[in-house]
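Student: Provided below for reference: sequence and predicted model.
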Amino acid sequence: MPVAMPLKLQRHLVLIGPMASGKSTLGQHFATQHGLTFIDTDRRIVAKHGTIPSIFATQGEHGFREIEAREVAAVLSAADEPSVVSLGGGAILDTGTQQLLESCVVVFLDADLETVRPRIVRDTGRPLLAGDAVERWQEMSRRRRPTYLKLADHVLVTRGKSQQDLVEELSAMLEERLTP
Ligand SMILES: Nc1ncnc2c1ncn2[C@@H]1O[C@H](COP(=O)(O)OP(=O)(O)O)[C@@H](O)[C@H]1O
Ligand SMILES: O=C(O)C1=C[C@@H](OP(=O)(O)O)[C@@H](O)[C@H](O)C1
Ligand SMILES: [Mg+2]
């Protein structure tokens, strides 16, 4: 894997966007290539509370959102080194999370249906997509889109781009931002 320039973040770099837009994958690749710490809030939730489907089954979406808001707040308000943080797609629904994102650099991974379609039809790990995954993804994505746009400092359009394309585009975006 190519190693890009080490990058020094001043604030957390947070990836938001709909389910299967590639937040977890891009966050991990980007952090690895720039020698940064990577945090996936869903991964932390799973390590502490069990799988996401099992949390939804026992505590419902409401229970999951409470756990998620606590975990995201713990990550974003800690005085740790600035890191690359991938949130779950619905984490931005919480107003406390929205406030914490004001002091982060927020990147919206803007994925369209054709890009995510093959990903969501084969993956069954997202309880909110149970049933007609395509229909449910479209509806949720449409409803949340204004919030993603409102919170974003940058928008990264994912259509037709490989992981490496996205790492490079995000790197260029940040370099421009860091250039006085
Ligand atoms: N740029 C990309 N090109 C092709 N497949 C991708 C890309 N980004 C992510 N994927 C695949 O899409 C699926 C969902 O990615 P993931 O990172 O889990 O998304 P999210 O965290 O936004 O839900 C994974 O199987 C991943 O390998
Ligand atoms: O959009 C959502 O409400 C959710 C997105 C998922 O994360 P990804 O966006 O990483 O798939 C996960 O947090 C959970 O299944 C709920
Ligand atoms: Mg994810």
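Tutor: Right, received. Where do you want to start? Ligands and ions are numbered 1, 2, ... in the order given.

Student: so stretch 33-46, near ligand 2 or not?
Tutor: Yes: interface with ligand 2: stretch 33-46 contributes Asp42 (CB under 6 Å from any ligand atom). Bear in mind the C-beta positions are built from the backbone N, C-alpha and C, glycine included.

Student: should've said stretch 113-130
Tutor: Yes: using CB under 6 Å from any ligand atom, stretch 113-130 reaches ligand 2 at Arg126, Pro127, Leu128.

Student: what's in contact with that stretch?
Tutor: Contacts with stretch 113-130, where a contact means CB atoms under 8 Å, 6 or more residues apart in numbering, come from 18-21, 51-53, 56-57, 61, 90, 133-134, 136-138, 140-141, 158-160.

Student: try it again at 7 Å.
Tutor: 19-21, 52-53, 56, 133-134, 136-138, 140, 158-159 (CB atoms under 7 Å, 6 or more residues apart in numbering).

Student: buried residues in that stretch, which are they?
Tutor: Residues of stretch 113-130 classed as buried under the neighbour-count rule (16 or more other CB atoms under 10 Å) are Thr115, Val116, Arg119, Ile120, Arg126, Pro127, Leu128, Leu129.

Student: mind saving the C-alpha coords of that stretch as CSV?
Tutor: The C-alpha trace of stretch 113-130 is given here as CSV (Å, rounded to 0.1, in the frame of the first residue of the first chain):
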residue,chain,number,x,y,z
LEU,A,113,-27.8,4.7,-5.0
GLU,A,114,-26.0,3.1,-7.9
THR,A,115,-22.7,3.3,-6.0
VAL,A,116,-24.1,1.7,-2.8
ARG,A,117,-26.6,-0.7,-4.4
PRO,A,118,-24.3,-3.7,-4.8
ARG,A,119,-23.0,-3.1,-1.2
ILE,A,120,-26.3,-3.0,0.5
VAL,A,121,-27.9,-5.9,-1.2
ARG,A,122,-25.2,-8.3,-0.2
ASP,A,123,-24.6,-7.0,3.3
THR,A,124,-27.1,-7.9,6.0
GLY,A,125,-25.3,-6.3,9.0
ARG,A,126,-27.4,-3.1,9.0
PRO,A,127,-30.8,-3.7,10.7
LEU,A,128,-32.3,-0.4,9.3
LEU,A,129,-32.0,-1.9,5.8
ALA,A,130,-34.0,-5.0,6.6
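
Student: from the residues of stretch 113-130 next to ligand 2, which single one is nearest ligand 2?
Tutor: Arg126 (4.2 Å; CB to the nearest ligand atom).
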